[in-house]
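>>> Sequence and predicted model, in that order:
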Amino acid sequence: MELFNQFNKIFAEKSASNRTLFSQENLKLTSCYQSILEALVSLFSRYSEEKAEDISDNLRKRMSLCAHYFQGIVLTERLISEGIYFKACACLKQQQETIALINQIELGLSDSKPSIKKLKERFHDIMGPVNGLLNDVSHMSFKDISQIIVYDDSEESVFGASLFPVYKSAFSRELYLYFIAFLFIYTLLLKQVISDLFGGDYSSEENQSLLTALKLYSEA
């Protein structure tokens, strides 16, 4: 038990240190995330007690996927900012596939398999060419990128893969940009779900939070 507690303590300290470094280097990105999350929490709070009638199968599927996506937002953000990159990439890939499915269902297309191509076609300006990197890392291939992110090169005397999260500034930033891009797409898909359910929309305050987030994202 003592070794277990000691390991947990070191792991937590290393993760917290990585998170602090990331926040210091990427204040606009983390502020962007907070603004988006604030808008989403506000939206869900406003509609949490609303009752919808005659929900179609199409809408029910989108509601379920939107809920699943939201549940993983905080975890994915932590994995990226704390340097747990393989798990972060797996979560990002799942997020990408989830919004791809929501998109297909909304458009009345087959939802048997997520089509990243269809998602990119619709949200090209937001997505960019991101899918390849996520596939490479989440599948733990033996390419250079997977070796870079697990080896601790902070000291010449350190060799091999670290048991604790190793912070890579550029890689953290790149993954976080993808994370925010997917979040923006999610806000648009969720907006349509709310409209179809209740004829609703983001409030003026929520829209302002999203516009603030977009400005921060463009400046980051």
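Nice, I can see it.

>>> okay, and the helix or strand of the chain with the least pLDDT?
Least confident helix or strand of the chain, by mean pLDDT, DSSP states H and E, is helix 144-148 with a mean of 55.

>>> mind listing what's buried in the very next helix or strand once past it?
Sequence order places helix 169-198 as the next helix or strand after helix 144-148, per DSSP states H and E. Within helix 169-198, the residues scored as buried using 16 or more other C-beta atoms under 10 Å are 171-172, 175-187, 189-194, 196-197. Backbone N, C-alpha and C define where each C-beta goes, glycine included.

>>> pLDDT on stretch 168-180, on average?
Averaging pLDDT along stretch 168-180 gives 92.

>>> for the residue nearest the centre of the chain, what are its contacts?
Centroid check for the chain by C-alpha atoms, centre = their mean gives residue 179 as the closest residue, at 3.6 Å. Applying C-beta atoms under 8 Å, 6 or more residues apart in numbering, we find residue 179 in contact with 33, 76-77, 80, 92, 95.

>>> do residue 193 as well
With contacts taken as C-beta under 8 Å, 6+ apart, residue 193 has the following neighbours: 59, 62-63, 66, 102.

>>> who wins for neighbours among these?
Using other C-beta atoms under 10 Å as the neighbour criterion, residue 102 leads the contacts of residue 193 with 28 neighbours.

>>> now it: how far from residue 74?
Distance of residue 102 to residue 74, computed by C-beta to C-beta, to the nearest Å: 19 Å.

>>> so where do the helices sit in the protein?
For the chain, the helices defined by DSSP state H occupy 2-25, 27-47, 57-71, 73-81, 85-106, 116-122, 124-127, 131-138, 144-148, 169-198, 204-219.

>>> Export those to CSV and append columns for distance to residue 162.
Converted to CSV, the helices of the chain look like this (distance: least, C-beta to C-beta, whole Å):
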stretch, distance to residue 162
helix 2-25, 9
helix 27-47, 24
helix 57-71, 29
helix 73-81, 16
helix 85-106, 12
helix 116-122, 32
helix 124-127, 32
helix 131-138, 16
helix 144-148, 12
helix 169-198, 14
helix 204-219, 31
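
>>> Which one of these lies nearest to residue 163?
helix 2-25 (8.2 Å; C-beta to C-beta).

>>> The closest one vs helix 27-47, what angle?
100 degrees (axes from the mean of the first three to the mean of the last three C-alpha atoms, to 10 degrees).

>>> which residues touch helix 2-25?
30, 78, 80-84, 164-165, 167, 169, 172-173, 176.

>>> Just send these back as JSON lines, with distance to residue 15 too.
Listed next are those as JSON lines, based on distance: C-beta to C-beta, whole Å:
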{"residue": "30", "distance to residue 15": "15"}
{"residue": "78", "distance to residue 15": "8"}
{"residue": "80", "distance to residue 15": "11"}
{"residue": "81", "distance to residue 15": "9"}
{"residue": "82", "distance to residue 15": "4"}
{"residue": "83", "distance to residue 15": "7"}
{"residue": "84", "distance to residue 15": "7"}
{"residue": "164", "distance to residue 15": "8"}
{"residue": "165", "distance to residue 15": "6"}
{"residue": "167", "distance to residue 15": "10"}
{"residue": "169", "distance to residue 15": "16"}
{"residue": "172", "distance to residue 15": "12"}
{"residue": "173", "distance to residue 15": "17"}
{"residue": "176", "distance to residue 15": "15"}
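
>>> Buried subset of those, written for PyMOL?
Entered in PyMOL, the line below selects the buried ones among the contacts of helix 2-25, by 16+ other C-beta under 10 Å:
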select buried, resi 30+80+81+82+83+84+164+165+167+172+176
